[in-house]
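Colleague: The following comprises the amino acid sequence and a computationally predicted model.
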Amino acid sequence: MPMDRAYVEQNTRERERLHALVARLTDDDLRRSVTDRWTVADMLGHLAFWDARALSLAEKLQAGVPFSAADHEAEDVDPVNAAVHALLCVLPPRQVAELALRLADETDRRVATLDPQRLWPEDAGCPLNPLRASHRAEHLDHIEVALR
């Protein structure tokens, strides 16, 4: 029986949404606040970071390198997000947006090639969740509200 690969279509939909959003963002839009601490560019950089993490896990899986406890997402990711945010604040917003696009494209392309049975949740020992779409959608929704 073929495995459910609905995540490929869902990832594509949200990645295309990301591309459409970035294409219409001005430099002022990228600097607009989404929360009291995070700008649009910061949110895009946050997405880029988590896609980069997924990409690194995919590379490890493809290379046959066993996952370690450190590869699994911490229960509390706030310290990770805070550290990433500190780095994002010093990068040019347009470059952050372009990085988010490049990493989303690369991550989705890589994840789509992997055997679903080797990925979470089919393989509970694998920290790689192939569904990138839900995280993107959450933050794209926040950005779109802030831009209204």
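Modeller: Cool, got the structure. Numbers count the residues shown, from 1 in each chain.
Colleague: Below-threshold pLDDT in the chain: ranges please.
Modeller: Within the chain, the segments meeting pLDDT under 70 span 1-3.
Colleague: 80 instead, please
Modeller: Within the chain, the ranges that satisfy pLDDT under 80 run 1-4.
Colleague: Got the phi and psi for Val34?
Modeller: With angles defined as degrees, to the nearest 10, Val34 sits at phi -100, psi -40.
Colleague: got it, and the one 5 residues further on?
Modeller: Summarising the backbone geometry of Thr39 under the convention degrees, to the nearest 10, its torsions are phi -90, psi 180.
Colleague: what's the distance between it and Leu18?
Modeller: 16 Å (CB to CB, to the nearest Å). The C-beta positions use only the backbone N, C-alpha and C, and glycine is treated the same way.
Colleague: One more: Leu44?
Modeller: The value you get for Leu44 to Leu18, if CB to CB is used, is 8 Å.
Colleague: Now for these two: what residues contact both?
Modeller: Ala100 (CB atoms under 8 Å, 6 or more residues apart in numbering).
Colleague: which one of these two has more residues nearby?
Modeller: Just comparing Leu44 and Leu18: by other CB atoms under 10 Å the higher neighbour count belongs to Leu44, 30 against 25.
Colleague: First-to-last residue distance for stretch 32-39?
Modeller: Stretch 32-39 has an end-to-end distance of 5 Å (CA to CA, to the nearest Å).
Colleague: outside of it, which residues touch it?
Modeller: 30-31, 40, 42-43, 46, 85, 93, 142-143, 146-147.
Colleague: just stretch 77-94 next, same as before
Modeller: Contacts of stretch 77-94 (CB under 8 Å, 6+ apart): 27, 30-31, 37-42, 45-46, 49, 74, 96.
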